[in-house]
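A.B. asks: when you get a sec, could you give me coordinates for this:
(2 chains)
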Amino acid sequence: MMKKEKTIMVMASLMSGVCLAQMPGGATNLPNGGGQVMPSSFDASGSAAKRPTEDPAHKGETPNPQLLGLEIPIMDPSTDTVKYNGGMFDVGNNAAVRARFEKYLEQVPDNTAESKRYRALMRDMLKQTQRAGRDKNYTVGSDVLVKVGKGLYQASEYPGDGNQSGALASAIVSALDVQRESLVRTRKNEKMEEEMDGLLKQANSWKNFNVSRKTALSIAASNPTVKGKGGGGKSIDNGGELNALKIARNIKLAAKHEATQAANLAANESAKLASKLNYQAMLMALLFSRRFDHVVIGARVYRHIFRDGDAKLNIDEKSTAYEAFTGGVGLPPTVNQMDSVASNMRRDVDQNMEAVCNMLARNKLGEATQHLIEAVAIGEYMQSVATFPTESRQRIAEFWNLRKRALTALNARDYGTVEQVAARMKELDVDFDDSLLLSYTTGKKRQSDLAIRNASKALRNGDEENFNKYITEAGIIWPRNPNLDKGAEMLAQIDAGDPVKEEFKRLYDGKEYRRIAREREHYKIVATDPDLAKKYEEVIALVMKMDGMLEQIKSVAQQDATLGPCMAYEKLVEWQKSDKNFANDADMTIALKDFESKAHDFVQALRDGEACEQRSEFGSALSCYYRAQCKYLQSTLARDGIKRVMDIIVKARYE
Amino acid sequence: MAARRNRGGGKKKGKQNLKPVLIGASVIVLLALVLGSGVLKKGSAARGLEPTPNFRVAEYRQDGSRFASSGNVYVFDGRVENIETIGNARVVSISIPDNPDERLPLLVPGDAKLRVNLTRGDRFVFETTCRTGKTSDGQQVKGVLIVKNVETK
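C.D. replies: Residues are numbered from 1 along each chain as shown, chains lettered A, B, ... in the order given. So this is what the prediction gives:
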C-alpha cells in the first residue's frame, strides 16, 4: 500500500473515534514468568504486532506532536505501523480495522435492486465526468453539472450512500451559488463602470465648458468691446457656479461607484476562497470516509465550477495530510491529486478483491484474510467489496474467528488451546505459517514442565520452599498445564504427609511392595523422610527388577512352547527360593502358576517325586525325577532330586 | 499284574532227579567255554528270562512299595539310558517299551555279580527284585528295584 493511502486509511479510522477508544487498550503486555514479553497480537499470516516498549531502542524516543491536546498519530511506512499513545499498531490490523472487518463479515452482500440502481447512477456520473476530462472539445458545462447534481441527489436517497452524495451535491450547488453571486457583483461593477464613465465624461464636459468660458471672459475683460456685447458679466459668473456643483456631484458618484466596485471585487475573492475551502473540505472528508467515487466525481467537476484554473489544495503545510499529498517532492497538492489518489485506491481495492477470490480458490485462507482486511479497510463501500459472496465471507470469518481465538488463548497463556487452534487453521489453510505460534507455545510448555520437574525434585528433597517457588513459576508460565494437577496433588500430599508415611510403613512392613509400586505417586511424599526415602527407593527398585525379570522370562518362554514353560517354571522356583521377596511377590506367584499349568507334566513329575520322598518311596521318587528329566532334560530340580534320592538308595541296606 | 513266580523248592527236587543229565550238561558248558565265551553270550541266556508282562512304570511311580511285597521278582527288557556309579554300586535307568517318557531306576549293588557288562544305549534283560531297605539312620527306603541278574538281549 502507498504511504498516502495508508495515512488516509488510518486517519479515517481515527476520525471515526473508534481508534481513540480502543487502540490504547488494544495491546496487552502480560507477564509470563520468564521475563519475556509475549506477542499481544499477530496478523492473519501469523506475524506478531510490535510495541515500542518491547524494544529498548525505543526508550527515550521523542513523543508525538500534539494538536489541541491530542496526540497526532505518526506513521512509519517502513514497518506499516502507526505510533500512537505509546504503542505501535499495524495499519491493517488495529482495533478499528478489526471491528469494521468483523462487521463487514457479518453483513449480507449488498445485491439489492436499490443498490444496483445506485451503482448504475454512480457509474453514469463517473462516465460523464471522465468524458469531460478526456475530451478536449467536451466540456462539462452547466447541463452536465445539472445532471451530476441531479444524479447525486437521486443517489443520496439510497440508504447505503449515507447521504454523502447529497452532501457533495450541496457543496456543488453552494459553490455554483457563490459563483453566481460573484457574477452578479461583477456585472454590477461593469454597469457601475459604465455609469462612472458617463459621469466623469459629463463632468469633464462641464469642466471644459467652464474653462472655455473663463477664457472667453478674460478675453472680454481685456477687450471692452466684447464686454458690452454680451449683455452683462453677471450671467456668465452664475453659469460657472452651476457647473461646479454638477461636476462635484458627478465626481462624488464616481467615487462611490469605485468604492462599491472595490467592495464587490473583495467580496468575490472572499466568497471564491470560502467556496473553494468548503468544496475542498468536502472532498477531503469524502476521501477520508473512503467514498472514492464521490471524490473522483467531485474532483473532476471542480475545474468546471472554479474556472480560474487554481486547483491548489488549501491545506496547512504542517499537516500530515499535506505531507501525504505532497509525497515529499515539495510541490503543492492539488485537487487533481485527490482524483489520482481516489482512483488508485479504487484500483487497489479491486485488485485486492480479485486476489482474495483467487486465494480462496486455492484455500489460502490466511493470505486471503489479510488481503480482504486491506480491501475492506480501504474500500468498504466499493462494489467489489460490498458484493463479496456470503459463502466466501463465512469461510474467511471462520478463519478470522480462529485467529481471534488463538490470540485470546495466547494472551491467556492457554497454550494447549493455541496448538489446537493452530492445527485447525493449518487444516483450513495448508500454507498457514504456524511456526511462530507453535515454537512459542512449545517453548513455554517446556519452561512450565521444567519448573514442575524442579518442583518435584525439590519435593523429593523435602525442600518445601523451593517446591512452592517452582510450582508457582510453572503456573504463571502455563496456567492450564495439566501437570500442575500433579503439583496440586503433591501439595495435598505435603499437607497430608504423615498419614501417608504411616501407611507406607505399614505396607513396607507387610512386604506389600507391589501396592507401593502401583501407587508410587501417592507414596512419593514419604521421600521427605530420608529413611523412608531409602526404603521407598528400595521398593521401587525391587519391583522394577522383578518386573524386568518377569518380562525377560516370559519373553524367553515364548520362544519354545514345550520347553519354555518348564524352563520358566524352574527359573521362577529357583528365584523364589533364592530371595524371599520374590517368593512373596504376587506377580511372580501368578506367573509361576501360569507356567505351572503350561508345564503340567513336568511340574507334576517333580511334585510326585517330592511326595514320594516324603513317603520314603525312594524308588518311585527316583522314577518321578527321571520322568521330569525326560520332560525337560536341563532341569536342575530333576537333577538335584535324582542325586539326592540316588544317594539314599545306594547307601541303604536291603533285606 | 501277573508276575511270574519261580518256586525255589521245585528246582531243588528237579536237580536231584536229573543229576546225570546235569553232569553231561556241565561238560557241554565247559566245552563251550573253551570254544569261546562269545558264542555262548547270546542265544541260550537271552532265551532264559521272560519280561514281566503288563508292567507299567507309571504305576511304579505312584507306589513302588506295593511291588516289594513278598519279595517279588520282575524281569524287564529295557534299554540302558543312564548309568550312575556311586561307590561300588550303580543306578541304572532304563526305558522299557510301551512306557514313553518314563525311566525305571534299577539298583545294581556293589556285590552283584553280573555276567554282562552294562553299557549305555544297549538293551538288556534285567531280573530284579523289589525290596525295602533301611539307611544307617533308620530311615526306610521303600520300593527299590535291585538287579539280580542281567542278560543280554
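A.B. asks: run through the strands of chain B in chain order.
C.D. replies: B:73-86, B:89-95, B:104-108, B:123-134, B:140-152 (DSSP state E).
A.B. asks: is there proximity between the longest one and chain A?
C.D. replies: Same thing as strand B:73-86. Yes. Strand B:73-86 reaches chain A (CB under 8 Å from any CB of the partner chain) through B:84, B:86. C-betas here are computed from N, CA, C, even on glycine.
A.B. asks: helices of the stretch 401-550 of chain A, start to end?
C.D. replies: A:415-428, A:435-460, A:464-477, A:484-495, A:497-509, A:513-518, A:520-523, A:530-557 (DSSP state H, counting those that start in this stretch).
A.B. asks: ok, which of these comes nearest B:Pro105?
C.D. replies: helix A:530-557 (29.9 Å; CB to CB).
A.B. asks: just checking, what packs against the closest one?
C.D. replies: In this structure, helix A:530-557 packs against helix A:497-509, helix A:513-518, helix A:563-578, helix A:580-584, helix A:586-598, with contacts taken as 3 or more CB pairs under 8 Å, 6 or more residues apart in numbering or on different chains; DSSP states H and E.
A.B. asks: pLDDT score for the closest residue to chain B within the stretch 301-450 of chain A?
C.D. replies: Closest to chain B within the stretch 301-450 of chain A is A:Asp449: 60.1 Å, counting by CB to the nearest CB. Per-residue confidence at A:Asp449 stands at 90 (pLDDT).
A.B. asks: and A:Asn584, by the same measure?
C.D. replies: Per-residue confidence (pLDDT) for A:Asn584: 85.
A.B. asks: quick check: the gap between it and A:Met546.
C.D. replies: If you measure A:Asn584 against A:Met546 using CB to CB, to the nearest Å, the figure is 10 Å.
A.B. asks: between the two, which is the more surrounded one?
C.D. replies: A:Met546 (21 against 15; other CB atoms under 10 Å in any protein chain shown).
A.B. asks: ok so, going back, want to try TSV for the strands of chain B, with mean pLDDT as columns?
C.D. replies: Output for the strands of chain B, formatted as TSV (pLDDT from 0 to 100):
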stretch	mean pLDDT
strand B:73-86	91
strand B:89-95	93
strand B:104-108	93
strand B:123-134	91
strand B:140-152	91
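A.B. asks: hey, which of those strands is tucked in deepest?
C.D. replies: The highest mean neighbour count among the strands of chain B, using mean count of other CB atoms under 10 Å in any protein chain shown, belongs to strand B:104-108: a mean of 25.
A.B. asks: what's the span of stretch A:647-655 from first residue to last?
C.D. replies: For stretch A:647-655, the first and last residues are 18 Å from each other (CA to CA, to the nearest Å).
A.B. asks: pLDDT averaged over it, what's the number?
C.D. replies: If you average the pLDDT over stretch A:647-655, you get 88.
A.B. asks: pull the number of nearby residues for A:Asp308.
C.D. replies: A:Asp308 sits with 8 neighbouring residues when counted by other CB under 10 Å.
A.B. asks: can you confirm it is in a strand?
C.D. replies: No. A:Asp308: not assigned to a strand; according to DSSP: H, G, I helix; E, B strand; the rest coil it is coil.
A.B. asks: picking up where we left off before, lowest-confidence stretch among the helices of the stretch 401-550 of chain A?
C.D. replies: Looking at these, the bottom one is helix A:484-495 with a mean of 69.
A.B. asks: over to A:Val184. Which of the three states is it?
C.D. replies: Classified using three-state DSSP, A:Val184 is helix.
A.B. asks: for A:Ile648, find the nearest of the strands of chain B.
C.D. replies: The nearest among the strands of chain B, by CB to CB, is strand B:140-152 at 6.0 Å.
A.B. asks: so, in contact with chain A or not, that closest one?
C.D. replies: Yes. Strand B:140-152 lies within reach of chain A by CB under 8 Å from any CB, at B:140-146.
A.B. asks: which residues in the stretch 101-250 of chain A form helices?
C.D. replies: Using DSSP H, counting those that start in this stretch, helices in the stretch 101-250 of chain A cover A:113-134, A:141-155, A:164-222, A:224-229, A:234-288.
A.B. asks: run through the neighbouring helices and strands of the third one.
C.D. replies: Which is helix A:164-222. Using 3+ CB pairs under 8 Å, 6+ apart, helix A:164-222 sits against helix A:141-155, helix A:224-229, helix A:234-288, helix A:292-305.
A.B. asks: pick out the least confidently modelled helix or strand of chain A, by mean pLDDT.
C.D. replies: Lowest by mean pLDDT, DSSP states H and E among the helices and strands of chain A is helix A:18-26, with a mean of 32.
A.B. asks: show me what contacts A:Ala586?
C.D. replies: Contacts for A:Ala586 were tallied using CB atoms under 8 Å, 6 or more residues apart in numbering or on different chains; they are A:Arg514.
A.B. asks: how close does it get to chain B?
C.D. replies: 33 Å (CB to the nearest CB, to the nearest Å).
A.B. asks: could you do A:Tyr118 as well?
C.D. replies: Counting by CB to the nearest CB - A:Tyr118 and chain B are separated by 105 Å.
A.B. asks: ok, and the closest non-adjacent residue to that residue?
C.D. replies: A:Tyr158 (4.0 Å; CB to CB, 6 or more residues apart in numbering or on different chains).
A.B. asks: next one: phi and psi at that neighbour?
C.D. replies: Phi and psi for A:Tyr158, reported as degrees, to the nearest 10, are phi -80, psi 130.
A.B. asks: kindly report the residues of chain B close to chain A.
C.D. replies: So chain B meets chain A at B:57, B:60-65, B:84, B:86-87, B:89, B:91, B:93, B:101-105, B:107, B:109, B:130-136, B:139-146 (CB under 8 Å from any CB).
A.B. asks: so what touches stretch A:186-195?
C.D. replies: Residues outside stretch A:186-195 that contact it (CB under 8 Å, 6+ apart): A:253, A:257-258, A:260-261, A:264-265, A:268.
A.B. asks: what pLDDT is listed against A:Thr53?
C.D. replies: pLDDT, read off for A:Thr53, is 44.
A.B. asks: residues contacting B:Arg56?
C.D. replies: B:Asn99.
A.B. asks: any low-confidence regions in chain A?
C.D. replies: Under the criterion pLDDT under 70, the flagged ranges of chain A are A:1-94, A:131-142, A:224-242, A:318-330, A:462, A:487, A:490-497.
A.B. asks: chain B contacts on that one?
C.D. replies: Of all the residues in chain A, those lying near chain B are A:601, A:608, A:612, A:615-620, A:622-624, A:626-627, A:629-631, A:642, A:646-655, going by CB under 8 Å from any CB.
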